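>>> A predicted structure for the sequence below; I have some questions about it.
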Amino acid sequence: MDSLTVGRVTVTLPTLNEPGLYLSNVTSLDSARGIVQDFHYADADLRDLDLSDTSLITGRIGGLRADRVLLAKVRLESVEFDVCDLSLIAELDVTFGDTLNQRR
């Protein structure tokens, strides 16, 4: 797996082009169960992106534009953000899965 290092933080990049992996198109990142998995969320222009108590697992978010972002108790695991504009991040309480490693 490829990784990216910025300062003392190393992120393992998701591998979303694996054979047999199918990402379902979704129109929302909200779920009654609190889990969105194996998903592709694309081309949304939002005034507010407001997520709480949600796990996003194995997916791609592309072409997302949000004027205001509030993420509270959100877990990201193997999620790729591609060409996204998240203008104002009002709150950020995010847990990363196994893909975030901090060097000491």
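Perfect, thanks for sending it. Just so you know, these numbers come straight off a predicted model, no measurement behind them.

>>> Of all the residues in stretch 2-20, which ones are buried?
Thr12, Pro14, Leu16 (16 or more other C-beta atoms under 10 Å). Every C-beta, even on glycine, is put in place using the N, C-alpha and C of the backbone.

>>> Kindly state the pLDDT recorded for the closest residue to Arg47 other than its chain neighbours?
Nearest residue to Arg47 in three dimensions, chain neighbours excluded: Asp67, at 5.2 Å (C-beta to C-beta, 6 or more residues apart in numbering). Listed pLDDT for Asp67 reads 93.

>>> circling back: secondary structure, distance to Val74 and pLDDT added to the buried residues of stretch 2-20, as a markdown table?
Shown next, in a markdown table, are the buried residues of stretch 2-20 (DSSP: H, G, I helix; E, B strand; the rest coil; distance: C-beta to C-beta, whole Å; pLDDT from 0 to 100):
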| residue | secondary structure | distance to Val74 | pLDDT |
| --- | --- | --- | --- |
| Thr12 | strand | 19 | 76 |
| Pro14 | coil | 16 | 77 |
| Leu16 | coil | 19 | 81 |
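
>>> what's the closest of these to Ser87?
Nearest to Ser87 among the buried residues of stretch 2-20: Pro14, at 23.9 Å, using C-beta to C-beta.

>>> What residues does the closest one make contact with?
With contacts defined as C-beta atoms under 8 Å, 6 or more residues apart in numbering, Pro14 is in contact with Thr58, Ser78, Val79, Glu80, Thr99.
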